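# Predicted model follows, preceded by the sequence.
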Amino acid sequence: MENTDIKNIQWFPGHMTKTRRMIQANLSLVDAVAEILDARTPLSSRNPEMDRLTAGKPRIILLNKCDVADEKTTEKWVAYFKKKGFAALPVDCKKGTGLKNFMPVLRNTVLKELVEKLANKGMAGRPLRIMVVGIPNVGKSSFINRFSGKRAANVEDRPGVTRTKQWVKIDETAEMLDMPGVLWPKFEDREVAVKLAFTGAIRDGVLDIETLAMMLLEKLSKLYPDALRDRYKIEIDDGDTGLLLLEKVGRKRGMLVSGGEIDTERAAITVIDEFRGGKLGRISLESPDGV
């Protein structure tokens with residue numbers, strides 16, 4: 001696929017249309033909305049329709065996968081969202097990092113007025129109900145499973161696993177409504193589409209893996225050149241193209257086929273997998289500076 005076609009990706013399966021309706025239909029059943037974003041790409045992983053779909057409900061932002069995002073940049077994002085009026089927490093839903101702060105912030109900040117109102121009415125025991133939303137593969141199921149203590153929700157490293165809503169009882173004080181991941185009809189912004197492809201929010205196969213790896217390497221050579229040098233033991237020169245960087249990685253890793261030609265597809269898969277797995281270090285692909 002040519003780079004110029006990326007912005008025209010159509011990614012709106014039928015179940016995502018259903019999810020949009022489902023969010024609005026069930027909004028009256030919950031007290032607050034927990035919106036999970038990818039800490040590496042907080043703006044790109046934020047469905048622009050979510051403000052409209054969840055209008056009127058208190059919201060808490062969870063910056064997931066903070067363990068593989070640049071820590072200083074994540075701190076800036078927390079401040080950014082707080083300035084916008086949202087409670088925001090850096091978390092890692094798989095390891096549980098930061099999740100101990102979720103319920104206290106929810107009770108004492110996000111839903112403080114409601115908690116006090118319920119107490120005054122003698123309903124302090126009524127569980128808080130939270131809708132969990134986010135784009136595919138952002139960590140919603142891992143988040144819910146961490147709180148419920150069991151595999152209440154399916155967890156896989158591919159987008160679109162959760163297809164139906166499900167209520168999950170956390171304890172006597174809280175219940176969560178897990179909603180399927182939902183993207184938006186069309187990616188008008190090429191950069192957004194590319195970043196979602198980097199992190200795996202768009203299923204692999206929509207974009208050519210070699211093109212994707214070349215674009216990622218070009219971006220990282222500007223943002224985190226030392227991460228590439230340390231991981232792949234390659235030299236990075238001014239003007240290196242994505243193809244040249246991919247070939248350097250393949251050659252250094254001994255990914256050769258008959259005739260000594262570099263297996264760029266194999267190298268591309270390695271680069272994408274290692275980025276997503278955090279093996280390149282703590283990397284953020286966007287910053288609130290200038291936003």
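Okay, I see it.

# Can you pull up the most central residue in the chain?
Asp38 (2.7 Å; C-alpha atoms, centre = their mean).

# Next up, phi/psi of it, please.
Backbone torsions for Asp38, taken as degrees, to the nearest 10, come to phi -90, psi 120.

# Could you do the one 10 residues further on as well?
Taking degrees, to the nearest 10, you get phi -60, psi -20 for the backbone angles of Pro48.

# again with Met176
phi -120, psi 140.

# tell me the pLDDT at the residue nearest to the centre of the chain?
Confidence at Asp38, expressed as pLDDT, is 97.

# If you drop the residues flanking it in sequence, what lies closest to it?
Nearest residue to Asp38 in three dimensions, chain neighbours excluded: Ser45, at 4.0 Å (C-beta to C-beta, 6 or more residues apart in numbering). (Each C-beta comes from the backbone N, C-alpha and C, glycine too.)

# what residues are up against the residue nearest to the centre of the chain?
Shown in contact with Asp38 (C-beta atoms under 8 Å, 6 or more residues apart in numbering): Ser44, Ser45, Leu63, Asn64, Lys65, Val138, Gly139, Thr199, Ala201.

# any idea how far it is from Val78?
Separation of Asp38 from Val78 (C-beta to C-beta, to the nearest Å): 14 Å.

# picking up where we left off before, in terms of distance to Ile269, which of the contacts of Asp38 ranks first?
Among the contacts of Asp38, Thr199 lies closest to Ile269 (C-beta to C-beta), at 15.4 Å.

# pretty sure that closest one contacts Arg276?
Yes. The criterion here is C-beta atoms under 8 Å, and Thr199 meets it with Arg276 at 6.6 Å.

# Quick check: beta-bridge partners of the residue nearest to the centre of the chain?
Note on Asp38: beta-bridge partners by DSSP bridges are Asn64.

# Quick check: it vs Ala267, distance?
Distance from Asp38 to Ala267, by C-beta to C-beta: 24 Å.

# I'd guess Ala201 is in a strand, am I close?
No. Counting by DSSP: H, G, I helix; E, B strand; the rest coil, Ala201 falls outside a strand, being coil.

# In terms of pLDDT, where does it sit?
84.

# again, but for Thr162
So, for Thr162, pLDDT stands at 45.

# Could you break the chain into its assigned domains?
3-7+14-178, 208-276 (automatic domain parsing).

# Just send those domains back as a markdown table, with distance to Arg190 too.
Converted to a markdown table, those look like this (distance: least, C-beta to C-beta, whole Å):
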| stretch | distance to Arg190 |
| --- | --- |
| domain 3-7+14-178 | 4 |
| domain 208-276 | 10 |
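
# Which one, of those domains, ends up nearest to Glu286?
Of all the domains of the chain, domain 3-7+14-178 comes closest under C-beta to C-beta, at 5.6 Å.

# now the closest one, how far from the centre of its chain.
Relative to its chain's centre, domain 3-7+14-178 lies at 11 Å (C-alpha atoms, centre = their mean, to the nearest Å).

# can you pull the buried residues of the biggest helix by length in the chain?
Assignment by DSSP state H gives helix 209-223 as the longest helix of the chain. Within helix 209-223, the residues scored as buried using 16 or more other C-beta atoms under 10 Å are 209-221.

# And stretch 92-100, by the same measure?
So stretch 92-100, judged by 16+ other C-beta under 10 Å, has buried residues Asp92, Cys93, Thr97, Gly98, Leu99.

# cool, and stretch 34-52?
34-47, 50.

# how long is it from one end to the other?
This stretch, stretch 34-52, spans 15 Å end to end (C-alpha to C-alpha, to the nearest Å).

# Also stretch 250-264?
Stretch 250-264 end-to-end distance (C-alpha to C-alpha) = 6 Å.

# re the thing from before, which strands and helices sit next to the longest helix of the chain?
helix 190-199, helix 225-232, helix 242-252, helix 264-276 (3 or more C-beta pairs under 8 Å, 6 or more residues apart in numbering; DSSP states H and E).
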